[in-house]
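**Q** show me how the following folds:
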Amino acid sequence: MKKELPSKRMEEIAETVEDMAQYKEDLYEREELKEETLQLVVFRLAREWYGVEITKVKEVIKVGKITYLPSSPEHIAGIVNLRGNILSVTDLKTIFSLPHEEPTEKARIIAIESGVLETGFLVDEVVESIEVPVSKIEPALLTLPAEGGKYIEGQCKVDNKLVALISVEEVLEKRM
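**A** As a prediction, this is how the structure comes out:
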C-alpha cells in the first residue's frame, strides 16, 4: 500500500526541485571569467618599443624647454615646469644605452608617478594605449645587458612588435 504525501508537502518538494533546476541553469549560464589584463602606454625609444602601466602615468606632454641641472646623474636630462610643479626628466636612452638623436616633433614626456616618487620619461614617440592579457606577458629576455635589463620587468608581443615593460619603481630608484 502506497502512502500519499500531503499536498502542502508535495508543493514544498516541487519548489525545492525547481530552485535546484534554476541554480543549475545559473551555474551554466554564467559568463566565462574575464582574464586579467594590463593597460599599457606604448612608446618608442630609437627603434625599440617599450610600455609602462597606464596606472602609473599621470599625463603625456609635449617636450618643451628642459633645464639642465649641473652635477645631476647622467640619466637625468634636466627638469621641466609642469603647471608650477618641478618634474625631473629621465632620459631612458641613457639607461638602455640607446643612440641619442635630437628630439623631433613627436617627442613627448610621460609624467610618471609611483607612490610619492615622480619623474618624466623622455621618449621619441607615444604610439598607443593598449590592453594586454596578463597571460601574454613573458619574462624579460636573458640576452638584455645586465645594466639595462634590471629596468625591464617583462615583455609582450603586440602587432609583430616586441614591447618591453619598464619597471617604473626600478627607474625611480636609480641613483647613479
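
**Q** tell me the centre residue of the protein?
**A** By Cα atoms, centre = their mean, the chain has its centre lying nearest to residue 53, at 2.0 Å.

**Q** spit out the contact partners of it.
**A** 38-40, 165, 168 (Cβ atoms under 8 Å, 6 or more residues apart in numbering). Just so you know, the C-beta spots here come from the backbone N, C-alpha and C atoms, and that holds for glycine as well.

**Q** can you tell me which of the residues you listed are buried?
**A** Neighbour counting by 16 or more other Cβ atoms under 10 Å classes 38, 40, 165, 168 among the contacts of residue 53 as buried.

**Q** and the first one, how far is that from residue 131?
**A** Right, residue 38. According to Cβ to Cβ, to the nearest Å, residue 38 and residue 131 sit 7 Å apart.

**Q** which residue sits closest to residue 123, ignoring its sequence neighbours?
**A** Nearest residue to residue 123, sequence neighbours excluded (Cβ to Cβ, 6 or more residues apart in numbering): residue 43, at 4.2 Å.

**Q** packing partners of the helix or strand that that neighbour is a member of?
**A** Here residue 43 sits within strand 37-45, counting by DSSP states H and E. The helices and strands touching strand 37-45, judged by 3 or more Cβ pairs under 8 Å, 6 or more residues apart in numbering; DSSP states H and E, are strand 48-53, strand 108-114, strand 117-123, strand 125-133, strand 161-166.

**Q** distance to residue 88 and mean pLDDT added to those strands, as a markdown table?
**A** Listed next are the helices and strands packed on strand 37-45 as a markdown table, based on distance: least, Cβ to Cβ, whole Å; pLDDT from 0 to 100:
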| stretch | distance to residue 88 | mean pLDDT |
| --- | --- | --- |
| strand 48-53 | 16 | 93 |
| strand 108-114 | 10 | 92 |
| strand 117-123 | 5 | 91 |
| strand 125-133 | 19 | 90 |
| strand 161-166 | 16 | 89 |
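
**Q** pick the most deeply packed of the ones you listed.
**A** Highest mean neighbour count among the helices and strands packed on strand 37-45 (mean count of other Cβ atoms under 10 Å): strand 117-123, with a mean of 22.

**Q** please compute how far that strand lies from its chain's middle.
**A** 15 Å (Cα atoms, centre = their mean, to the nearest Å).

**Q** ok, residues contacting it?
**A** Residues from elsewhere that reach strand 117-123, judged by Cβ under 8 Å, 6+ apart: 43-45, 50, 52, 58, 61, 63, 66, 77, 80, 82, 87-93, 103, 107-112, 166, 171-172.

**Q** wait, is residue 93 part of a strand?
**A** No. Using DSSP: H, G, I helix; E, B strand; the rest coil, the assignment for residue 93 is helix, not a strand.

**Q** per-residue pLDDT, it?
**A** If you check residue 93, the pLDDT there is 90.
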